[in-house]
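>>> Sequence and predicted structure, then a few things I'm wondering about:
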Amino acid sequence: MLFTNDTEEALAAAAALVNSDIEPLTLQTRAELADFFRDRGYTGRFDGDDAEFKRVRAIRPKLRELLTADRDVAASLVNQTLTEYNATPQLVRHDTHDWHLHAVDADRPLDERISVETALAVVDVIRSDEMSRLGTCDADGCDGIVVDLTRNRTKRFCSTRCANRTAVAAYRARRREHPDT
């Protein structure tokens, strides 16, 4: 494990949220937001109304900026986020999760909690000088977020779809170059 579980989960959730705004579009309904909330292991307040749905979708560009920033800019963005939401890190333990950091109360709006949890996760990435673990997809025409938590830094694509599309294109290119093989 490169980072703690809560850091890895927050980074993966933030990438999934940002990537919900690229093809294939996801997080298009309140029901999909409810699934995202449950599947990503969020706890605390969940209103499930239109206002929350719009606020969560609205933070995607900000999260994209944070997850693709260089180290110094990311540090500044983290500090802005923590200040904006009056975040005060506290160690908490709940449900099946052992001690980990939360920085806003569980009754705060979901978009605030996602923003702060992502910022805290990026703190770990910055402190360990592992910003190269965050990037964008190598597939042509895709700018999906990639969180590379592999030991040998080999993750290049945001999804299996992009990896398969790239592999098929490479195969077809090789076949055109050498049609008799």
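In hand now; what should we look at?
>>> where along the chain do the strands fall?
90-94, 97-102, 134-136, 145-147 (DSSP state E).
>>> hey, which of those is tucked in deepest?
Ranked by mean neighbour count, these are led by strand 145-147 with a mean of 22 (mean count of other C-beta atoms under 10 Å). From N, CA and C alone the C-beta is placed, and that goes for glycine too.
>>> List the strands paired with that one, with their directions.
strand 134-136 (antiparallel) (DSSP bridges).
>>> burial of Phe37, as a residue count?
By the criterion of other C-beta atoms under 10 Å, Phe37 has 19 neighbours.
>>> Do you know the pLDDT at it?
Phe37 is assigned 97 on the pLDDT scale.
>>> now do Leu2
pLDDT, Leu2: 80.
>>> what about it, neighbour count?
Neighbours of Leu2 (other C-beta under 10 Å): 14.
>>> right, and it touches Glu8 too?
Yes - between Leu2 and Glu8 there is a contact under C-beta atoms under 8 Å: 7.3 Å.
>>> that older thread, is it possible to export the strands of the chain to JSON lines including distance to Ala170 and mean pLDDT?
Shown next, in JSON lines, are the strands of the chain (distance: least, C-beta to C-beta, whole Å; pLDDT from 0 to 100):
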{"stretch": "strand 90-94", "distance to Ala170": "46", "mean pLDDT": "90"}
{"stretch": "strand 97-102", "distance to Ala170": "41", "mean pLDDT": "88"}
{"stretch": "strand 134-136", "distance to Ala170": "19", "mean pLDDT": "97"}
{"stretch": "strand 145-147", "distance to Ala170": "18", "mean pLDDT": "97"}
